[in-house]
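*Asks:* Pasting the sequence and the predicted model now:
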Amino acid sequence: MADEQRTERATQRRRNQAAERGQTTRSRDFPSALTLLGVAALLHAGAGGLASSWKGLFGGLLAISAHGEMKSVAPLINMTAMSTIRWMTPPLLLAWLIAAAGLFLQGGFVFAPAAFTPNFNRLNPANNISRLFSPAGLSPLLRSLIPVSALVYLAVTIVSGNWLALLHSSQMGLSAAMSWLYQVLYQFAWKGGLILLVWASADYGIQKWNYERSLRMTKQEVRDEGKDVEGNPQTRGRIRRKMREMRRKHMLKQVRRATVVITNPDEFAVALEYIPDQMAAPVVLAKGRNELAQKIKREARWHEIPIVENPPLAQALYKAVEIGQQIPSKLYTAVAEVLAFIFRAQQRVRAEAANRAKQSGSGTPGAPPNGSGGTARGK
């Protein structure tokens, strides 16, 4: 029942935890198959050079042995060792590189410290015997019998096909017999490599399927892991609300720098800043809708920022421009008219204030200080 409930695919965290424990999908026959094919191809390509090198070695050994005055076997050993190293190094190096490539194709090298933790239960003979005869223990044994049976069948087929040549091999010359034996071994090597490669691919697919099944999770496990990784949904909601509030407070503080606030008048509010000598175009400092729009207008009134009612422009700015961005070129004309109106009003107010200050400074004693200012505003 518990396995039937595991319907969800494993999360990345669960996969990482499995990799830390050393649980990966590997086919041990895959690197072996690639190595066997690669070495067989190398030996086949260099068969002529290999034969000549061994002929040279044997000729050199016979030439050295023919001297009756040889006082030491060191030359024989040195020549044999050097020839063997020169012959064995390329196949061994190629085998190592192909095996490493096979491991890389199956997920790369995995270092799992948790797998090195001492487990004394593995040293218990009773546990090992019971594990050997369990379904889980018999499964690798039965899987290994399949490629072995195929290789045995291949060997029997090759031998039976060359049975007459094998019976008359004693009548062949040494060179012909060695060439025939090489051809038989090479045929078995590349065909056996192909069999192992096909089996390794199928075995890898089976292990991958079993591995994915073993990592499946229940819906509750997925939810619990989500809570562990991302936190409780209620906590995340509170954090998001706090962040929104902080952003709104910061945005409202920016309103004090605004040049004008354009409203809808009740639904939208957009605060613009424009410094002619420093900015290429006006920038949106804050924008809001409904309740937030009212807060922007209250902040603007508190800091004596001009508020202009222009419903189409306010709605267009709210929808087209994000906070901190310049207004688009298609709105330049409409915004420029508003800013020109604001700048003219501000210049008029400054001029009136300067006139009032000048008249109050040159007026007769006892005259009302604001009398001339009130008359100017009336005009």
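*Replies:* Thanks, I have the structure now. Residues are numbered from 1 along each chain as shown.

*Asks:* how near is residue 200 to residue 96?
*Replies:* Going from residue 200 to residue 96 by CB to CB, to the nearest Å gives 18 Å. Every C-beta, even on glycine, is put in place using the N, C-alpha and C of the backbone.

*Asks:* The two: who's more crowded?
*Replies:* Applying other CB atoms under 10 Å to residue 200 and residue 96 shows that residue 200 carries more neighbours, namely 21 against 11.

*Asks:* What distance do you get for that one to residue 280?
*Replies:* The spacing between residue 200 and residue 280, counted by CB to CB, is 65 Å.

*Asks:* same thing with residue 154?
*Replies:* 79 Å.

*Asks:* Looking at these two, which one has more neighbours?
*Replies:* Ranked by neighbour count (other CB under 10 Å), residue 154 and residue 280 place residue 154 first, with 16 against 8.

*Asks:* Give the full set of residues in contact with the more buried one.
*Replies:* Residue 154 makes contact with 188, 191, 192, 195, according to CB atoms under 8 Å, 6 or more residues apart in numbering.

*Asks:* Show me what the stretch of helix or strand residue 247 belongs to is packed against.
*Replies:* Using DSSP states H and E, residue 247 maps to helix 233-254. In terms of contacts (3 or more CB pairs under 8 Å, 6 or more residues apart in numbering; DSSP states H and E), helix 233-254 is packed against strand 283-289, helix 291-302.

*Asks:* what pLDDT, on average, does the last one get?
*Replies:* It stands for helix 291-302. Averaged over helix 291-302, pLDDT sits at 90.

*Asks:* Give me the contacts around that helix.
*Replies:* 248, 252, 255-256, 258, 261, 263-264, 266-269, 271, 286-288, 305-307.

*Asks:* Buried only: go through the residues you listed for me.
*Replies:* Neighbour counting by 16 or more other CB atoms under 10 Å classes 252, 255, 258, 261, 263-264, 268-269, 271, 286-288, 305-307 among the contacts of helix 291-302 as buried.

*Asks:* Closest to residue 182 out of the residues you listed?
*Replies:* Nearest to residue 182, judged by CB to CB, of these is residue 287 at 83.8 Å.

*Asks:* do you know how far residue 169 is from residue 162?
*Replies:* Between residue 169 and residue 162 the computed distance is 9 Å (CB to CB).

*Asks:* Just want to know which of these two has more residues nearby.
*Replies:* residue 162 (16 against 13).

*Asks:* and residue 371, what pLDDT?
*Replies:* 36.

*Asks:* I misspoke; the intended subject was residue 320.
*Replies:* Taking residue 320 on its own, its pLDDT is 88.

*Asks:* tally of neighbours for it?
*Replies:* 13.

*Asks:* Over to residue 338?
*Replies:* The number of residues packed near residue 338 is 19, by other CB under 10 Å.

*Asks:* In contact with residue 192, which residues?
*Replies:* The neighbours of residue 192, taking CB under 8 Å, 6+ apart as the test, are 36, 151, 154.

*Asks:* any idea which helix or strand carries residue 93?
*Replies:* According to DSSP H and E, residue 93 maps onto helix 74-105.

*Asks:* Which residues in that helix does the neighbour count mark as buried?
*Replies:* Neighbour-count burial for helix 74-105 [16+ other CB under 10 Å]: 83, 87, 91, 94, 95, 98, 99, 102.

*Asks:* Report the two of those separated the most.
*Replies:* Spatially, the most separated pair among those is 83 and 102, at 29.8 Å (CB to CB).
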